[in-house]
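In: Need the 3D shape of this:
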Amino acid sequence: MSQTTLDDDELFTEAASEMREDVESSLADARAALPDSDDIWDVEADNTLGVLNALRSALDIGDAADHLRDAKKWYTMGEKADAFEDGEDLAEEIEAVEELFGDIETAHEQVGDLASTIPQLRSALEDAESTDDEADADADADAEAAA
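Out: Modelled structure (predicted):
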């Protein structure tokens, strides 16, 4: 084996190790940037809409998506270069974070849908109440007139 080949192999091993560290670091950053469980559980507001808006904000994954993208980018590069001796653990961790993102994004959408529905529902209920009040007033007036 020539000296050049040995140097290339050493450089490749070093680069592969750095790539793995980049993937692991980006995954750790993605997990750290996820919403805090207490932030989605302990929400304070004056009304239902306020709670829903606070929850929707708490469910924003923000920078976590960028960190996951970096992890996937470096993992893909490493896989294509066959740089990882054992990359299954990285693939599993990426998949687990992606699934968690999916759950958070689904909850975010559902809360957003509910937050947009609640004001409409409130308005419809208020209209129904005022219609009932008017009908009751008309019935009382008719009863008094008949008496």
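
In: which residues sit in contact with S26?
Out: Neighbour list for S26: H67, L68, D70, A71, W74 [criterion: CB atoms under 8 Å, 6 or more residues apart in numbering]. (Glycine included, C-beta is placed from N, CA and C.)

In: Just the buried ones from those, in PyMOL syntax?
Out: A single PyMOL command selects the buried members of the contacts of S26 (16 or more other CB atoms under 10 Å):
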select buried, resi 67+68+70+71+74
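
In: Return the subset of the contacts of S26 lying in helices.
Out: Among these, the ones falling in helices (DSSP state H) are H67, L68, D70, A71, W74.

In: Name the nearest of the contacts of S26 relative to S130.
Out: L68 (49.8 Å; CB to CB).

In: And that closest one, what's its pLDDT?
Out: L68 is assigned 97 on the pLDDT scale.

In: Quick check: it touching E95?
Out: No: using CB atoms under 8 Å, L68 is not in contact with E95; the gap is 10.8 Å.

In: re the thing from before, ok, of the contacts of S26, which one's closest to F12?
Out: Nearest to F12 among the contacts of S26, with distances taken as CB to CB, is W74, at 15.2 Å.

In: Now do the contacts for the closest one.
Out: M19, D22, V23, S26.

In: one more time with 6 Å
Out: M19, D22, V23 (CB atoms under 6 Å, 6 or more residues apart in numbering).

In: So among the residues you listed, where is pLDDT lowest?
Out: M19 (92).

In: For the closest residue in space to that one that isn't next to it in sequence, pull up the helix or strand it's in.
Out: Distance criterion CB to CB, 6 or more residues apart in numbering; nearest residue to M19, sequence neighbours excluded, is G78 at 4.4 Å. Using DSSP states H and E, G78 falls within helix 63-80.

In: The next helix or strand after that helix - contacts with which helices or strands?
Out: Using DSSP H and E, the next helix or strand after helix 63-80 towards the C-terminus is helix 88-146. Contact here means 3 or more CB pairs under 6 Å, 6 or more residues apart in numbering; DSSP states H and E; on that basis helix 88-146 packs against helix 3-32, helix 48-58, helix 63-80.
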